[in-house]
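K.L.:
this one's sequence-less:
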């Protein structure tokens with residue numbers, strides 16, 4: 001909206017300040033929400049770690065067999 005003189009009714013600086021404040025608040029909430037892991041995410045991390053350790057153990061066993069055959 002503009003007044004009859006062509007100037008905005010709400011000063012541009014106030015609008016910019018409100019927009020920046022809103023975006024900053026929204027970004028802060030998003031970051032806080034991303035930091036907290038759900039129980040399912042924690043369980044998934046535990047499964048992932050277990051699979052990685054098992055893969056490392058299989059690789060180590062394969063290396064040991066290869067060394068024994070040489």
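P.N.:
The structure has been received and is ready for your questions. Worth saying up front: this structure is predicted, and the values here are computed from it rather than measured.

K.L.:
how is the protein carved up into domains?
P.N.:
As assigned by automatic domain parsing, the chain contains the domains 8-36, 38-70.

K.L.:
Residue ranges in the chain under the pLDDT threshold?
P.N.:
Along the chain, segments meeting pLDDT under 70 span 1-12, 33-34.

K.L.:
For it, just list every one of the helices.
P.N.:
In the chain, the segments counted as helices under DSSP state H are 12-35, 39-69.

K.L.:
How far away from the center of its chain is the last one?
P.N.:
Read it as helix 39-69. Taking C-alpha atoms, centre = their mean, to the nearest Å, one finds the center of helix 39-69 at 26 Å from the center of the full chain.

K.L.:
Mind giving me the packing neighbours of that helix?
P.N.:
Packed against helix 39-69, as judged by 3 or more C-beta pairs under 8 Å, 6 or more residues apart in numbering; DSSP states H and E, are no other helices or strands. Any C-beta I mention is one placed from the backbone N, CA and C, and that applies to glycine too.

K.L.:
rewinding a little: reformat the helices of the chain as CSV; add mean neighbour count.
P.N.:
Shown next, in CSV, are these (neighbours: other C-beta atoms under 10 Å):
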stretch, mean neighbour count
helix 12-35, 10
helix 39-69, 10
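
K.L.:
For residue 36, grab phi and psi.
P.N.:
Dihedral angles of residue 36 (phi, psi; degrees, to the nearest 10) stand at phi -90, psi 120.

K.L.:
Quickly note the distance from it to residue 30.
P.N.:
Distance, residue 36 to residue 30, using C-beta to C-beta, to the nearest Å: 12 Å.

K.L.:
With adjacent residues omitted, what lies nearest to residue 37?
P.N.:
residue 45 (7.5 Å; C-beta to C-beta, 6 or more residues apart in numbering).

K.L.:
so that neighbour makes contact with residue 51?
P.N.:
No. The pair residue 45 / residue 51 is not scored as a contact, 10.9 Å apart, by C-beta atoms under 8 Å.

K.L.:
give me phi/psi at residue 37?
P.N.:
Per degrees, to the nearest 10, the backbone of residue 37 is at phi -90, psi 140.
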